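> Give me a model of this one.
(chains A and B)
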Amino acid sequence: MITIEFVIFITLGYFALLFAVAYYADRRRELGRSIISNPHIYSLSLAVYFTTWTFYGSVGRAATSGLDFLPVYLGPTLIAFAWWFLLRKMVHISKEQNIVSIADFISSRYGKSAPLGAIVTVFAVVGIMPYIALQLKAVSHTFELMMAAGANQGAARGILAGLPPYLDTAFIIAAVLALFGVLFGARRLDAAARHEGLVAAIALESLIKVVAFLAVGIFVTYGMFNGFSDIFTRFLETFPDRKSLVMLGTEQIPYAKWFTLTFISMMAVMFLPRQFHIMVIENSDENHIRSAMWRFPLYMFLINLFVLPIALGGLLLSGGDTTNADYFVIHLPLDAGHTWLALLVFLGGFSAAAGMVMVESVALATMILNHLVMPIIIRLHIDKSVGLSDLLINIKRLAIVAVIFQGYLYYKIIGDSLALVNIGLISFVAATQFAPAAIGGLYWQRGNRRGATYGILLGFLVWFYTLMVPSFVRSGWLKSEILEKGLFGLSILRPTELFGLSGFDLWSHSLFWSLFFNLSAYLVFSLFTSPSRIEQEQAEKFVNAYGYQEEEQTRKRISKAPTVMEFVDLMAKFIGEKQAHASITEYLGNREIDERGSLSEYELPNLKRFTERTLAGSVGAAPARIIIENYLSARGSKMEDVFDIFGSVTLSRTTSREQLGVLYESARIVAGGEKLDAIFEQILDLLFQQFKFDLCVIRMLEEDKNTLVVRCQKGMTSEHLGESEREITLNTYIGEAFLTNSVLKANDTDFLDKPHSAQIIHREGIKSFAHAPITMEGQPVGVLSAFSRSVKGIFTDEFIALFRSIAGQIGIAWRNAIQTDKLIEARGRERELEIAMNIQMSLLPASTPKLRGLSLGGICVPASQVGGDYYDYLVRDDQSIDLVIADVSGHNVGAALLMAETRTFIQARARGIHTPSQLLAELNRFFYDDLTRAELFITLFYINYNTETRRVTYANAGHNPPLVWRYGKRCCEWLDAEGLILGVKKEVSFQEERTTLNPGDVVLLYTDGIIEAHNDRDELFGTERLCALLQEHHALDPEMLIPCILDQVRLFTGVQNFADDVSMIALRVEP
Amino acid sequence: MSNSPHPHLRDAWVLFFVLGVIMINFPFIHIFNKDILIFGIPLLVLYFLVGWPLSILVVYIFARMLEKTEKSR
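Predicted coordinates for the structure are as follows:
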């Protein structure tokens, strides 16, 4: 027993189920495991084509006029056979171009024309209006039927009784469907424009539809009658005058009308906004089309199988009354008392309406948003930084509601004056108006924007005049005068017999005239006007959808390009931040990003296209194009053709051959081994000739001035660019290139961010330039610059790579040259040192003097080539000899010079000064200034020996005290005397000591090189070892003793060369 | 590799489409537009009841063939 509350409850429950399914599908999609991406769901969702018109109207049509309910399904069956080339191409293009609606499709094809998109949108909205009205009418009527059935069974009017009278059932249904449309189609602004939840709900509804209809069909045919033949036989017996219902070519269904209906339903199934949306936009895989080609016709066959039996059965049962024929499907089970079956049918019918209204309203709302609202918003909001995504989604929601209530309005006007089918066919003819532009656009390259615009405009005007106006007249909303006498009383303009064409049914008449004007305008304008460049480009993309390669695009670049983040911000404005970031992440995933976190210049046009496509997915192609272009022009960027230096950048093989050629040539020059300047000259010549630069310069670093100095230049004379030095700062491009050690280029000097450089560049009329650092072992040592006065955009990525390589070659040449110089320099210095050493050696005593009563030996072994040690003998007379040993700090030429000076002083003055202490005091006074200035000092030991008395007199200036081997005591003593190092104080008094030697005693004077010699364990040789050596070898002649000591020291250190200068004098008192 | 369908298969789809349009329109359909009952069903109705599923069957077979040739590619 069904009550009204129960019907409402079931309806709401069904809503909840649909929503749950939709929600589930959306969740699954987010997880990446789509439940709708299969041919079954795709084919089922296509059955959104079956609205309440099919569900109720087909039976009504069959009962009143016969077989002409069929063409509406035969047409789609036939066109479905052609899908493999027609629909597939549309889907392919739409995916390529990120198309979101039929308006988007048509406007994209004709050069992304915004006005065309708006026209298609307006006409689609108006054209679909009757169709939505039809759904509202059918659902509200069946709802009332169900409630009436409930009331018959004694239930109260219930909840609805309390509502005010103007809130009729249709209004409530419209409101509920609007809510549904918003929930399914506009919960968020989706970049992909696909609504998997919606599709899942539609597929479920389609399943309910076919199950419900088959159930009632089987019930009527086999439950109430005995199958097909029973119904047909009994019907023809009962109503022999109505056998036209099963015939064609009759007064009711002339062949012309049959053809018309077949044709418009073919076009409608392709170009109704909701069909386009479900078939093309929601398609997830082109291959699904292949199986939909037979599944969809099969669905149509099954759902139509029982239309005729139900209609004829209904007529038999109602005694031939056709007033309620539209609702036989629900009446028959109700009258037979099968309310549950009636409820199933009601749900089926409700599904049919809900599915259609939801998809249609979402598709239309998308179009309204993209083609009517967006162009206005763009003009108002593009420069503001506010996020538009919230506003946009609300507008979309509003549009959904508006579309549905517009249908409600039409329903209120037309009321019950037209049968369901007739209302639907008005929309079919409207959808057919898109066919010439859409199909022509797919296969005819010449078809252009003007043709499409005027064709659609004229087609719709004729459609409105020949179908809408009569429908208004019939409902009494317009006076019937216009129908009888024509517009302005001109009978030739009668809407149903336009230009006197009479004898046709309403549809054939309207189709003929609307298509006539539509096609004519399309063809004439396309043939006699020429398309713009973007139209041609788009036409190529559509007509050659499978073969189109985006080759030309790669030669574009954006001047003053926005950064990646700026693109993201732009996207975020329209699709929300999260979506924008998600899509950019996906986009950047497999692309190279340079060190500054931006894409290369030649990747940016691709990013621009990507941004445009992403926006297109949300707002449609035409608005997306306007958004991007407004945005770029607002910040002074523009797309421009790139002067192609290599003939064609895309032909990478020939490019690299050219590159290799130039690189090879420059490598050959470098390897040629000519003088550096000649090499530079030749490389610049090569650059200059090959690439037609106006100026090429090589600047090298001059370290002490911290400037880049021109080494070589070629081309125009420019004092500022080519001839002047450059300080290394970040304020110039060249400085930045040097400091950051990276190539800097300016492909368009209209946009420079360094004002100082910009001024010079502009004065010289430079259009583009680049600086590449010349490096040596990774460090910048100079900059290679190239300037062009004639072309912008010369520095492609490939060219920059080449340019950098050439700079690298220059670096190699520079390094080679520097190494050669160093070698020469080193050789020169070595030679000088050799000379110095020779001179120094010649200053040392060439031989040892021979005196009676003593034997002598001396040596000086400098650590480096020149040393600071000095020793000397000065024979005063036959009985007296002076010995000097000195150590000048340092082992360089300076030390050697001081040593020479010391020697000169001693040699010159020694004979005039009689005591060692006096001599040291004189020497100190003499040297003090020189030593202080040179920051050097000297230690020196001076000794005088008298062979007669065997007395030694000595004084010490801070030198190591000499060792004396006392032959008699067999031990070592030190000769020591107080005295400061020379050069510390101006006036120093030196102590003078005396001692007497005995025969066999050995005096050893030495420098610290001996005792401070150390081995690898850091042990010093020390005086004790030296003493031990003396003890061991005291009997040796001094000439032999000294080499012996040296050998022992070498043995101790383990190396041949001494770390310090080593000098020794040995004196042995002979008996 | 081109992404477009096989040319000869595409021609087959055009053929089906054109044949279908002919077979459900005047004058072809006039052949069946007769006031005869076969198995108690009017001839024209029977024509659609048999012809329609038959055409779907043909398309089904072709779709399967298409799938196989695509996979074998």
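> Which residues belonging to stretch A:10-18 are considered buried?
By 16 or more other CB atoms under 10 Å in any protein chain shown, the buried positions in stretch A:10-18 come out as A:10-11, A:14-15, A:18. Yep, even glycine has a C-beta here, placed from its N, CA and C like the rest.
> Of those, which belong to strands?
Nothing among the buried residues of stretch A:10-18 maps onto strands, per DSSP state E.
> for the residues you listed, which one is nearest chain B?
Closest approach to chain B among the buried residues of stretch A:10-18 (CB to the nearest CB): A:Leu18, at 28.9 Å.
> Can you get me a residue count around the residue lying closest to the closest one once chain neighbours are set aside?
Nearest residue to A:Leu18, sequence neighbours excluded (CB to CB, 6 or more residues apart in numbering or on different chains): A:Ala201, at 4.5 Å. Per other CB atoms under 10 Å in any protein chain shown, the neighbour tally for A:Ala201 reads 31.
> Any buried residues in the helix or strand in which A:Ala201 is found, and which?
A:Ala201 belongs to helix A:196-218 when assigned by DSSP states H and E. Neighbour-count burial for helix A:196-218, with 16+ other CB under 10 Å as criterion, is recorded at A:196-210, A:212-213, A:215-217.
> swap in stretch A:756-770?
So stretch A:756-770, judged by 16+ other CB under 10 Å, has buried residues A:757-758, A:760-761, A:764, A:766-770.
> How much space separates the closest residue to chain B within the stretch 451-600 of chain A from A:Glu96?
Residue nearest to chain B within the stretch 451-600 of chain A (CB to the nearest CB): A:Tyr546, separated by 3.9 Å. Distance, A:Tyr546 to A:Glu96, by CB to CB, to the nearest Å: 10 Å.
> go on, A:Ala934?
A:Ala934 is 85 Å from A:Glu96, by CB to CB.
> Over to A:Pro495?
In terms of CB to CB, A:Pro495 sits 42 Å off from A:Glu96.
> Between those two, which is the more surrounded one?
When A:Pro495 and A:Glu96 are compared for neighbours, A:Pro495 comes out ahead with 24 against 15, by other CB under 10 Å.
> Report how many residues lie close to the residue of chain B found nearest chain A.
Proximity of chain B to chain A (CB to the nearest CB) peaks at B:Gly40, 2.5 Å away. Counted by other CB under 10 Å, the residues lying close to B:Gly40 total 16.
> If we ignore the residues flanking it in sequence, what's nearest it?
A:Ser229 (2.5 Å).
> count of residues packed around the one you found?
When neighbours are counted by other CB under 10 Å, A:Ser229 registers 14.
> Tell me the confidence at it?
At A:Ser229, the pLDDT value in this model is 86.
> what sits up against the strand or helix carrying it?
Using DSSP H and E, A:Ser229 falls within helix A:227-238. Residues outside helix A:227-238 that contact it (CB atoms under 8 Å, 6 or more residues apart in numbering or on different chains) are A:221, A:225, A:242-243, A:246, A:309, A:312-313, A:315-316, A:320, B:37, B:39-42, B:45.
> Kindly report the same for stretch A:1006-1014.
A:861, A:863, A:869, A:885, A:887, A:959-960, A:962-963, A:1020-1023, A:1026, A:1045, A:1049, A:1052-1053, A:1058-1065.
> Go again with 7 Å.
A:869, A:885, A:887, A:960, A:1020-1023, A:1026, A:1049, A:1052-1053, A:1058-1064 (CB atoms under 7 Å, 6 or more residues apart in numbering or on different chains).
> Tell me which of the residues you listed fall in helices.
A:1022-1023, A:1026, A:1049, A:1052-1053 (DSSP state H).
> Could you dump those into TSV with neighbour count, distance to A:Asn394 and pLDDT added?
Listed next are these as TSV, based on neighbours: other CB atoms under 10 Å in any protein chain shown; distance: CB to CB, whole Å; pLDDT from 0 to 100:
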residue	neighbour count	distance to A:Asn394	pLDDT
A:Gly1022	15	98	87
A:Thr1023	17	102	86
A:Leu1026	21	103	88
A:Val1049	21	98	86
A:Phe1052	16	97	85
A:Thr1053	16	93	82
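> Could you list the buried residues of the top helix by length along chain B?
Looking across chain B with DSSP H, the single longest helix is helix B:43-72. Neighbour-count burial for helix B:43-72 flags B:43-49, B:51-53, B:55-56, B:59-60, B:62-63, B:66 (criterion: 16+ other CB under 10 Å).
> what about that helix, near chain A?
Yes. Helix B:43-72 comes into contact with chain A (CB under 7 Å from any CB of the partner chain), by way of B:44-45, B:48, B:52-53, B:56, B:59-60, B:63, B:66-67.
> Nearest to A:Ala955 among these?
Set against A:Ala955, the nearest of the residues of helix B:43-72 next to chain A by CB to CB is B:Glu67 (116.7 Å).
> pretty sure that closest one is touching A:Arg290, no?
Yes. Between B:Glu67 and A:Arg290 there is a contact under CB atoms under 7 Å: 6.2 Å.
> Spatially central residue in chain A, please.
Centroid-nearest residue in chain A: A:Leu588, 4.3 Å away (criterion: CA atoms, centre = their mean).
> Going by neighbour count, list what's buried in the helix or strand hosting A:Ala178.
Here A:Ala178 sits within helix A:169-185, counting by DSSP H and E. In terms of neighbour count (16+ other CB under 10 Å), helix A:169-185 has its buried residues at A:169-174, A:176-178, A:180-185.
> And the nearest residue to A:Gly576 once chain neighbours are set aside, how far from chain B?
Spatial nearest neighbour of A:Gly576, excluding adjacent residues (CB to CB, 6+ apart): A:Ser389 at 4.0 Å. Distance of A:Ser389 to chain B, computed by CB to the nearest CB, to the nearest Å: 34 Å.
> For burial, what's the neighbour tally of A:Ser389?
Count around A:Ser389 with other CB under 10 Å applied: 21.
> again with A:Val269
Neighbours of A:Val269 under the rule other CB under 10 Å: 26.
> how close does A:Leu1004 sit to chain B?
From A:Leu1004 to chain B the distance is 97 Å (CB to the nearest CB).
> That residue bridge partners, please.
Here A:Leu1004 sits in beta bridges with A:Leu963, A:Ala1066, going by DSSP bridges.
> which residues does residue 19 contact?
You didn't pick a chain, so chain A it is. With CB under 7 Å, 6+ apart, A:Phe19 has these contacts: A:Leu183.
> OK, contacts around residue 49?
If you meant another chain, say so; for now it's chain A. A:76, A:269, A:275.
> could the residues you listed go into CSV alongside distance to A:Glu987, pLDDT and secondary structure?
Putting those into CSV (distance: CB to CB, whole Å; pLDDT from 0 to 100; DSSP: H, G, I helix; E, B strand; the rest coil) gives the following:
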residue, distance to A:Glu987, pLDDT, secondary structure
A:Pro76, 126, 90, helix
A:Val269, 123, 90, helix
A:Gln275, 118, 90, helix
